[in-house]
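# how would this look folded up:
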Amino acid sequence: MLNRVVILLLLGLPLGQAAERTGAAVTVHPLATKAAMNAFERGGNAVDAAVAAALTLGVVDGFNSGIGGGCFMLIRKPNGRFAAIDGRETAPAAASRDIYLRDGKAHPALSRTGALAIGVPGALAAYDLAIRQHGNINLAEHLGKAATIAEQGFALDHSYLQRLGQVVEKLRKFPSSAHIFLDIDGNAWPSGHWLKQPALARSYRNIARHSANWFYGGPFALKTEQWMSANGGLITRKDLASYKAKRREPVRTTYRGHEIVGFPPPSSGGVHVAQILNILEVFELHSMAPDSAEFVHLVTEAMRLAFADRAHWLGDADFAPVPRGLAAKKYARRLAKNIDPAKAARIDTHSTPPNAVTDLFGKHTTHFSAADTDGWWVACTATVNTTFGSGVVIPSTGVVMNNEMDDFSAQPGAPNAFGLIGAEANAIAPGKRPLSSMSPTIVLRDGKPVFTVGAAGGPTIITQVLLAIIQVVDFGKSAAEALGQARFHHQWKPDRLLVEKAIGQATIDALRAKGHKVEIVNTLGAAQAIGIGQAGKPFTGSPDPRGRGVFGVSNN
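Numbering: from 1, shown residues only. Presented below is the predicted three-dimensional model:
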């Protein structure tokens, strides 16, 4: 499963207001939640709390995310305007579309482990931009707090050790990684081990002292270039110095009286959450039980249609023509006519939206979201991709490097680590950003935010976010109830319907009778959500009941 963690944060007052405020946060680790609470208490706003949590997760949950990876951040301001900050990794300038081909065939290991798997990281640039434009506390202070945790250490819990145990062989290949995350015999640390990361702490403090330029144009960039040169990699100091976090225009649609705001390409999440909701809007889902075969079948068929389009059309809109019509209502109604309520349809290829050539978008993870009673909401998802990314830690820096190059199409039709396939739109090119499933989403009603959700789990991120929205909008559930509902996922190829066991055997049998190839799993993904509160509480937040999330509240 793709390692994307979700953090959701809430803040009770607008930027700069000195009166009492209420802040709330839910993250996958208690120390990250505490960091968000601490940011509130020091006068920070929602953006501050989000960045504080993100930097802390880079220390205590580094197998999922960190400054060696990337992110998407969606911000809704009190004036109703949105800012979408794209901190997705990029391909180095020396990359080519065929770098992973050997004898004409893609070799998956090359894009998943080691030097060639690493994209130019963008998370730090995005956090820096968000803080400079929207925060109350400077980035240096946030870095300093997280550095202290890295220096003092923390106890490794079951979740950390479980993930660590899965990648021991990968980490053994890189001495700088093994030195931090494995014992002297090259084995995973035992339960309760107190992990200290002094090199990462020094990197954080150097960035705090010298700004993000230390990372993108200074000693870190030099060390990265030297390691890459010695290990067959491509990233240079110029690649890092050239990196820029980009401002994007969000994807918007409506669904049963609500406005859905998501992230645009190179995220596929915003486009396809919108597309699937548009398809389903013609069906009366509220009249069905949310764990019935009738409901699961209709939603699954919409998922399949959207993922078939994803495989063909989606990529970095700065490099490939991505049609806006994918999220159009008229196109969705046309696709909905292909759904047979009685049986699974045959879907051999993608469809073509209107004006596909002319109407185009402009040129496993941490999700964190924030909101306040004055209208500030933040949703952000970040990642280093699979567990511990490429397995590489740049020597003497403590920074775990991503393996996001695997999110490109190494060869048209060749699946990546999560079984996703892509076409020319997602082919590798210098400076290009790989397609992502990350789906930070904010839902509004009557122009006011009422719900935000994000998820971890590779392509299941899209379907987790989709299902959470449906549970809230169609069935009137709270954030906690929405996340507790049994999940399912279909991504067109491979042709299988993943269903959580909790949905019940009767539903599973009925789905098979409709022609679905059902595969039963115990749990599927990890989402976090925040909604408007009730009974005098401004907000309600919920960690995923399948995980180890912690929810906290701060009054200041």
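# can you pull the contacts of Asn522?
Counting by CB atoms under 8 Å, 6 or more residues apart in numbering, Asn522 makes contact with Glu500, Lys501. Bear in mind the C-beta positions are built from the backbone N, C-alpha and C, glycine included.
# now it: how far from Lys501?
Counting by CB to CB, to the nearest Å, the separation of Asn522 from Lys501 is 6 Å.
# cool, Asp446 as well?
Separation of Asp446 from Lys501 (CB to CB): 39 Å.
# With Lys246 instead?
Noted for Lys246: a distance of 41 Å to Lys501, by CB to CB.
# Between the two, which is the more surrounded one?
Lys246 (17 against 13; other CB atoms under 10 Å).
# Look up phi and psi at the more buried one.
phi -110, psi 150 (degrees, to the nearest 10).
# Model confidence for it, exactly?
With respect to pLDDT, Lys246 scores 96.
# Check Asp359 too.
pLDDT, the model's per-residue confidence, is 57 for Asp359.
# give me the number of residues near the nearest residue to Lys238 once chain neighbours are set aside?
Leaving out its chain neighbours, the residue that sits closest to Lys238 by CB to CB, 6 or more residues apart in numbering is Ala93, at 6.9 Å. Neighbourhood size, Ala93 [other CB under 10 Å]: 14.
# Is Ala93 in a helix, a strand, or coil?
Here Ala93 is recorded as coil under DSSP: H, G, I helix; E, B strand; the rest coil.
# show me where pLDDT drops low in this protein?
Scanning the chain for pLDDT under 70 picks out 1-21, 348-349, 353, 355-375, 411-423, 535-536, 550-556.
# Just checking: what are the partner strands of the longest strand anywhere in it?
If you go by DSSP state E, the chain has its longest strand at strand 448-456. Using DSSP bridges, strand 448-456 pairs in its sheet with strand 441-445 (antiparallel), strand 526-532 (antiparallel).
# can you give me the strands in the stretch 51-200 of the chain?
70-76, 82-87, 101-102, 105-106, 154-155, 194-195 (DSSP state E, counting those that start in this stretch).
# could you say what helices and strands the last one packs with?
Right, strand 194-195. Strand 194-195 sits against strand 154-155, with contacts defined as 3 or more CB pairs under 8 Å, 6 or more residues apart in numbering; DSSP states H and E.
# which stretches of the stretch 251-400 of the chain form strands?
Counting by DSSP E, counting those that start in this stretch, the stretch 251-400 of the chain has strands at residues 251-255, 258-262, 366-371, 377-383.
# Compare these and give me the one nearest Phe539.
strand 366-371 (6.4 Å; CB to CB).
# thinking again about what came up before, want to try CSV for the strands of the stretch 251-400 of the chain, with distance to His142 and mean neighbour count as columns?
Shown next, in CSV, are those (distance: least, CB to CB, whole Å; neighbours: other CB atoms under 10 Å):
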stretch, distance to His142, mean neighbour count
strand 251-255, 29, 19
strand 258-262, 26, 22
strand 366-371, 13, 33
strand 377-383, 14, 32
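# So which of these is nearest Pro543?
Closest of the strands of the stretch 251-400 of the chain to Pro543 is strand 366-371, at 11.5 Å (criterion: CB to CB).
# quick one: the closest residue to Ala327 other than its chain neighbours and Tyr255, what's the gap?
Using CB to CB, 6+ apart and skipping residues adjacent in sequence, the residue nearest Ala327 is Ala274, 4.1 Å away. Relative to Tyr255, Ala274 is positioned 8 Å away (CB to CB).
# likewise Ser437?
Distance from Ser437 to Tyr255, by CB to CB: 20 Å.
# Just the element for Leu483, please.
helix 479-484 (DSSP states H and E).
# Who are the packing partners of that helix?
The contact analysis (3+ CB pairs under 8 Å, 6+ apart) places helix 479-484 against strand 448-456, helix 460-473, strand 526-532, strand 539-542.
# Sweet, I'm off.
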